[in-house]
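>>> Any chance you could fold what I've pasted below:
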Amino acid sequence: LLIPESYPLHTYLQCVKNLQLVVELFWNTQELIDYEGSIDWFCYDEKCRYQYGENKSVLFNEDDSESIRWDQTGQKSTLLWHYWLNRGVEQFLSSEMANSQIGSEEYQDANLTAVTKAMRSCLQLEALYGIGNTVAVTEDTDIPLFELMLTNELHSAMFAKEYVSPLHNRIVAGTPLLVALKDLMMHGFVDGENRLPFTWSDLKAKTSRIKDWYLSEQTSDSREAKAQAAISFWSQNLKSVSDELKNSNRKPIAKLHEKPFLQLGNFFLQLPWLMFDSNHFNAAVNNLRRLNNRRPELKTETQQAEEHLADSMRKLGFHVVVGYQPAKTVEDDVGEIDLICHQGGTVLMLEVKTGYVRSSSAEIWLHKNTTLRKASWQLQRKSAKFPTMLLNDESLKQQLGISGADYQLHCWIVDTCIEFDGQLIGGYRVVSRETLEVVMRDEMHMLCSLERMQPVRNTLYPDGFSAQKFVDVIESEAVWTKCGLAV
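A predicted model of the protein is given here:
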């Protein structure tokens, strides 16, 4: 279709027919997605109602409270995206790479952005999920987390510069889409590059092309091994996916942005238009937490996430006990308490949940009504036993620095997901782990784009920090009200 003059008429007409079939496939797929979305809307939105009119059922929301909450969640996510990017910029500026040439001069700006985004993702993965400096790809192969994230960020930078930006400029200039695509493709041929709407290469060619990205390795062979490990992590075999789709008890299937290298036989395909703007942090989380939720490292990572939170609370002056196991009795076993923190008569009991990034109303509803409701039930039992724990365990009292019974207990569910931040579930407050990070570090000024960041910090504690003020900031949702979000 892009170069019809190069083919016989019957071949061109067959291409047109094939494209029409693809368009029809996409149209029917969209219809299916919309239909499933209507079912999910009715099943999982408590405000959804229906009425019968004009020979069909009409779905509607009885009020706009859920839509408003959903919009606020999106705004929070955007502000938090900027927050972590600003922290990534800070880390980059303090690193040795800030004074180094990264790749060719032509790609310097794009590569700087890619490196910063990779650093940002590493900060998030460590703080929120306890992911260490390396990720095990197979039993015998691991790869530095930074280089794993940099693989996708550099691909995105390349696709944005070589595909998306040139095409966008042509279309803005008034060039029709098919003509612009043809123009982009032909310029690629002149330069000896593939600028077709999708790319492909075999494993050897792909690893040879990207192996120099893995600077931590000294030899060409070791860099090539890291490149293959990264490709393996981000790849999905389309034959295996096809088999799984036919299996009624199938494993979770990766979405395209979660595993953007599509293996077809000996070739790996990529979709530049999808990958250039993907959220690779979300993709990494879901690879590690949704698609590979039986990894042997998972328990250790969860413990590291709790320890990271505990260290942050200690820096604020709290006495912290992690993983406290109350004495078991024949009648009762309330289970382990993730974190107990105390300062100045204020006690926090935290139930920490590290999940994956949910993308559908069904997943979000199930998270609320299984994981979070169970967490609230656990907090109810544990908080009721807390006075007895202090009475029977002198060591716990000493570790927490509690001398008497004059304290105020606050119980929170700390969740890596953002959807229920600030809500009460089963009578207990859900606090986003990211919101907690901003409050603990007193970095509300970083919840904006880099260009809008003010040089003077707008502190959450103008009269000085205290445990009670910390609690007030969380429970009043001061971070978001100061950002202009009605809560």
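>>> wait, is V322 part of a strand?
Yes - according to DSSP: H, G, I helix; E, B strand; the rest coil, V322 belongs to a strand.
>>> Without its sequence neighbours, what residue ends up closest to it?
A310 (4.8 Å; Cβ to Cβ, 6 or more residues apart in numbering). To be clear about C-beta, it is placed using only N, CA and C from the backbone, and glycine gets the same treatment.
>>> where's that neighbour, which helix or strand?
If you go by DSSP states H and E, A310 is part of helix 298-315.
>>> Contacts for stretch 262-281, please.
Stretch 262-281 is contacted by residues 84, 117, 120-121, 124-125, 149, 152-153, 155-156, 159-160, 163-164, 197-203, 206, 231, 235-239, 256-257, 260-261 when judged by Cβ atoms under 8 Å, 6 or more residues apart in numbering.
>>> same thing but 6 Å
121, 124, 152, 155-156, 159-160, 163-164, 198-200, 202, 206, 235, 237-238, 256-257, 260-261 (Cβ atoms under 6 Å, 6 or more residues apart in numbering).
>>> In strands only, show me those.
Among the contacts of stretch 262-281, the residues falling in strands (DSSP state E) are T199, W200, D202, S235, N237, F261.
>>> need the contact list for the residue most central in space within the chain.
Geometric centre of the chain, nearest residue: N282, 2.7 Å, by Cα atoms, centre = their mean. Contacts for N282 (Cβ under 6 Å, 6+ apart) come out as V357.
>>> Over to the one 4 residues further on?
Shown in contact with N286 (Cβ under 6 Å, 6+ apart): E258, Y356, V357.
>>> just D442 next, same as before
T459, L460.
>>> how does it look with 8 Å?
R457, T459, L460, Y461, F465.
>>> Report the secondary structure state of the fourth one.
Secondary structure state of Y461, per three-state DSSP, is coil.
>>> would you turn the contacts of D442 into a markdown table with pLDDT, distance to G484 and neighbour count?
Formatted as a markdown table, the contacts of D442 follow (pLDDT from 0 to 100; distance: Cβ to Cβ, whole Å; neighbours: other Cβ atoms under 10 Å):
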| residue | pLDDT | distance to G484 | neighbour count |
| --- | --- | --- | --- |
| R457 | 79 | 18 | 12 |
| T459 | 91 | 18 | 13 |
| L460 | 93 | 15 | 22 |
| Y461 | 94 | 20 | 13 |
| F465 | 94 | 24 | 15 |
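>>> Turn the residues you listed into CSV, columns for distance to F60.
Formatted as CSV, the contacts of D442 follow (distance: Cβ to Cβ, whole Å):
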residue, distance to F60
R457, 45
T459, 44
L460, 40
Y461, 44
F465, 47
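>>> Nearest to M185, out of these: which one, please.
R457 (49.9 Å; Cβ to Cβ).
>>> Show me which of the contacts of N286 are buried.
Buried subset of the contacts of N286 (neighbour count, 16 or more other Cβ atoms under 10 Å): E258, Y356, V357.
>>> which regions of the protein lie under the pLDDT threshold?
1-2, 4-5, 7, 103, 215-218, 486-487 (pLDDT under 70).
>>> hang on, isn't G401 packed against H319?
Yes - counting by Cβ atoms under 8 Å, G401 touches H319, with 4.3 Å between them.
>>> the more surrounded of those two?
H319 (16 against 11; other Cβ atoms under 10 Å).
>>> pretty sure the more buried one contacts Q343?
Yes - contact criterion Cβ under 8 Å: H319 and Q343 qualify, at 6.8 Å.
>>> Between the two, which contacts overlap?
Joint contacts of H319 and Q343 (Cβ under 8 Å, 6+ apart) are G401.
>>> picking that back up, distance check, the residue nearest to the centre of the chain against Y356.
According to Cβ to Cβ, to the nearest Å, N282 and Y356 sit 9 Å apart.
>>> Could you list every helix and strand that the helix or strand where S242 lies packs against?
If you go by DSSP H and E, S242 is part of helix 238-245. Applying 3 or more Cβ pairs under 8 Å, 6 or more residues apart in numbering; DSSP states H and E, one finds that helix 238-245 makes contact with strand 261-264.
>>> Having no further points to raise, I will conclude here.
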